[in-house]
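Chemist: need a 3D model of the following:
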Amino acid sequence: MAERILAGDTLIVYNSHLLRIPPSWLAAHPGGALALLHFVGRDASDEIQAYHLDHTLELIPRYSIGRVQLVDGAWQPLVPPVMSGWVRRIGPDSKPEWFSEASPQRSSVDTETSPSSQILLVSKSTDINAPDRATIEPPPTSLSLKIQAQHSEAYKALHRRVVDAGLYKTPYLTGYGPEVLRYTLLASISAFAYHHGWFITSSFFLGLTWHQLVFTVHDLGHMGVTHHWAIDRIVSILIADYIGGLSIGCDPDIEHLPFLAISPVFLTSLWSSYYKRTMWFDRFAKAFVAVQHNLFYVIMMFARFNLYANSYVYLFKKAFDTRRARGGRWAWIMEICGIIFFWIWFGRVLYGCGSWQTALGYLLVSHITTSPLHVQIVLSHFSMSTADLGPTESFPHRQLRTTSDVICDESIGFIHGGLHLQVTHHLFPRLPRHNLKRASVLVKEFAQEQGLTYAEFGFVSGNAEVIGVLRGVAEQVKLMGKVANVEVTEAIEKRLAQKKVA
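Modeler: Have a look, this model is predicted:
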């Protein structure tokens with residue numbers, strides 16, 4: 001299998017089957033090629049079942065070219081070439097060949113932020129022309145493959161319990177009924193206030209409308225409403241693009257330099273295999289990260305503007321991208337029309353404010369009002385580990401290790417839109433949001449049985465955790481600056497002493 005991967009085959013393990021993904025499907029895969037490339041040589045059974053509908057799962061065996069030999073019920077994974085900076089491109093002779101877009105840095109220590117299993121990418125040249133066997137051999141890890149396999153089997157049993165409990169059935173009336181009424185009420189208040197010239201009040205309630213609508217858009221993006229891709233995508237575009245000005249196809253930004261760094265590893269200018277660029281830790285980034293714990297809430301206040309930027313860059317690149325198996329060109333065209341429609345109606349709203357000062361106030365208040373949503377999502381991720389434990393780690397172990405819930409009273413759960421239950425959502429991303437509460441009870445039982453930690457914080461304590469993480473990285477940046485200043489001073493003093501001697 002290693003030889004075939006090094007020869008260019010895209011091979012993935014699924015329920016002991018060995019799947020060979022042809023280049024044509026790699027380009028057409030609705031989730032993008034990277035979602036597949038990051039599981040080459042690995043067992044992706046849990047991830048595939050979590051993210052795909054039943055009728056899609058029925059089609060997967062057509063790619064099987066045989067079965068793999070398991071050891072203690074587990075597949076011994078390899079490192080996907082893309083995780084070491086290797087990708088396939090068309091060469092001068094019009095044939096695919098290996099290309100190194102970055103160089104791997106394997107951890108030489110075994111710490112909490114830099115475990116021995118971690119591989120980071122940096123934009124450095126390499127002396128070899130293609131990956132070799134050592135490239136795809138996994139680094140040492142503290143995880144037991146046997147125990148991870150047990151977690152995986154227990155997760156499959158948990159998934160069956162969730163299905164048997166009927167938790168994939170969408171509660172249209174009891175779930176979305178009250179939400180539609182809430183959206184209508186907030187939008188009506190905004191329109192009423194605007195009609196009477198109460199512009200700041202109108203902007204506040206428009207922001208609340210956007211804030212609440214995002215939760216439904218999120219559900220639709222995960223096929224968690226009708227569970228039909230085309231229907232969910234059309235409705236999500238109507239809400240996200242036409243009403244909110246954001247692309248449903250664009251994922252929220254997952255790399256926050258130059259404004260934020262949530263781990264010391266980001267202080268080394270890493271290469272991103274997702275964005276295909278280096279996240280430079282330059283002077284600008286150093287200045288911001290050194291005070292990031294003080295600027296955190298200010299940055300969150302303007303986070304929606306960052307979503308605009310990401311959305312429009314995504315749609316621009318999508319125009320030149322290969323056609324996916326779903327959506328084709330119609331989804332992109334519909335999104336472009338939606339963005340244009342949004343700026344026409346929202347631009348007219350701003351123009352109707354009467355003065356540029358009032359229009360600016362309307363713009364800022366409406367967008368800042370949505371910031372608690374960004375803070376909430378950050379709490380579930382920034383407070384937890386971002387270290388990579390390598391391909392040995394199972395899907396359920398990774399999700400529980402890197403995600404936390406935000407505890408809140410059920411009576412105000414609508415403020416968080418149900419997405420404060422991020423642990424369960426990450427384990428079952430297609431699960432209707434209104435059923436996450438019931439499913440989380442099963443997940444907590446699973447975590448206790450498997451000896452895993454189910455992390456949850458209150459909103460206040462969660463904020464404190466995040467600020468603590470940001471402050472810790474900021475202090476390391478300041479320490480780096482002090483060390484650099486000392487080294488410069490010592491170098492100057494040494495040079496002056498040499499001149500005196502001369």
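Chemist: residues in contact with the spatially closest residue to L389 that is not a sequence neighbour?
Modeler: Excluding its sequence neighbours, the residue lying closest to L389 (CB to CB, 6 or more residues apart in numbering) is S117, at 5.2 Å. All C-beta atoms are positioned from the backbone trio N, CA, C, and that covers glycine. Contact analysis of S117 by CB atoms under 8 Å, 6 or more residues apart in numbering lists S107, P138, P139, P140, T141, S142, L143, D388, L389, G390, T392, E393.
Chemist: distance check, the closest residue to T209 other than its chain neighbours against L364.
Modeler: Closest residue to T209 apart from its sequence neighbours, by CB to CB, 6+ apart: L186 at 4.3 Å. Shown here: L186 relative to L364, a distance of 19 Å by CB to CB, to the nearest Å.
Chemist: who has more neighbours, these two?
Modeler: L186 (20 against 16; other CB atoms under 10 Å).
Chemist: which other residues reach stretch 389-397?
Modeler: By CB under 8 Å, 6+ apart, stretch 389-397 touches 41-42, 46-47, 50, 77-80, 115, 117-119, 138-139, 141-143, 145, 148-149, 151-152, 154-155, 158, 398, 401, 427, 446, 450, 452.
Chemist: need the pLDDT of the residue nearest to L389.
Modeler: In this prediction, S117 carries a pLDDT score of 90.
Chemist: wasn't it part of a helix?
Modeler: No - counting by DSSP: H, G, I helix; E, B strand; the rest coil, S117 is located in no helix; its state is coil.
Chemist: narrow the contacts of stretch 389-397 to those in helices?
Modeler: 46-47, 50, 145, 148-149, 151-152, 154-155, 158, 398, 401, 427, 446, 450 (DSSP state H).
Chemist: wait, V375 sits on M300?
Modeler: Yes - V375 is in contact with M300 according to CB atoms under 8 Å; the separation is 5.2 Å.
Chemist: and for G221, the neighbour number?
Modeler: 18.
Chemist: one more: I262?
Modeler: I262: 21 neighbours (other CB under 10 Å).
Chemist: if we can go back for a sec, quick one: which of the contacts of S117 is nearest E179?
Modeler: E393 (35.9 Å; CB to CB).
Chemist: and the closest one, how close does it get to L173?
Modeler: Distance from E393 to L173, by CB to CB: 40 Å.
Chemist: ranges for the helices of the stretch 301-450 of the chain?
Modeler: Secondary structure of the stretch 301-450 of the chain (DSSP state H, counting those that start in this stretch): helices at 303-318, 330-351, 356-368, 371-382, 395-402, 413-416, 422-427, 436-450.
Chemist: so the longest one versus helix 303-318, what angle?
Modeler: Using axes from the mean of the first three to the mean of the last three CA atoms, to 10 degrees, the inter-axis angle of helix 330-351 relative to helix 303-318 is 140 degrees.
Chemist: can you show me the CA trace of helix 330-351 as CSV?
Modeler: Presented in CSV, the C-alpha positions along helix 330-351 are these (Å, rounded to 0.1, in the frame of the first residue of the first chain):
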residue,chain,number,x,y,z
TRP,A,330,-25.7,26.9,-10.6
ALA,A,331,-24.9,27.2,-6.9
TRP,A,332,-22.0,29.6,-7.6
ILE,A,333,-24.2,31.8,-9.9
MET,A,334,-27.0,31.8,-7.3
GLU,A,335,-24.4,32.9,-4.7
ILE,A,336,-23.1,35.7,-6.9
CYS,A,337,-26.6,37.0,-7.5
GLY,A,338,-27.3,36.8,-3.8
ILE,A,339,-24.3,38.9,-2.9
ILE,A,340,-25.2,41.5,-5.4
PHE,A,341,-28.8,41.6,-4.2
PHE,A,342,-27.6,42.0,-0.6
TRP,A,343,-25.5,45.0,-1.3
ILE,A,344,-28.3,46.6,-3.3
TRP,A,345,-30.8,46.4,-0.5
PHE,A,346,-28.4,47.0,2.4
GLY,A,347,-26.7,49.8,0.4
ARG,A,348,-30.2,51.3,0.0
VAL,A,349,-30.7,51.0,3.7
LEU,A,350,-27.5,52.8,4.5
TYR,A,351,-28.3,55.5,1.9
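Chemist: and that helix, what does it pack against?
Modeler: With contacts taken as 3 or more CB pairs under 8 Å, 6 or more residues apart in numbering; DSSP states H and E, helix 330-351 sits against helix 229-240, helix 303-318, helix 356-368.
Chemist: Throw the helices of the stretch 301-450 of the chain into JSON lines and include mean pLDDT and distance to T126, thanks.
Modeler: Below are the helices of the stretch 301-450 of the chain laid out as JSON lines (pLDDT from 0 to 100; distance: least, CB to CB, whole Å):
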{"stretch": "helix 303-318", "mean pLDDT": "89", "distance to T126": "26"}
{"stretch": "helix 330-351", "mean pLDDT": "95", "distance to T126": "36"}
{"stretch": "helix 356-368", "mean pLDDT": "96", "distance to T126": "44"}
{"stretch": "helix 371-382", "mean pLDDT": "83", "distance to T126": "32"}
{"stretch": "helix 395-402", "mean pLDDT": "94", "distance to T126": "28"}
{"stretch": "helix 413-416", "mean pLDDT": "76", "distance to T126": "46"}
{"stretch": "helix 422-427", "mean pLDDT": "93", "distance to T126": "34"}
{"stretch": "helix 436-450", "mean pLDDT": "95", "distance to T126": "40"}
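Chemist: would you turn those into CSV with distance to H55?
Modeler: Output for these, formatted as CSV (distance: least, CB to CB, whole Å):
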stretch, distance to H55
helix 303-318, 26
helix 330-351, 20
helix 356-368, 40
helix 371-382, 30
helix 395-402, 22
helix 413-416, 32
helix 422-427, 22
helix 436-450, 22
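Chemist: and among those helices, the most buried is which?
Modeler: helix 422-427 (a mean of 24; mean count of other CB atoms under 10 Å).
Chemist: alright, calling it a day.
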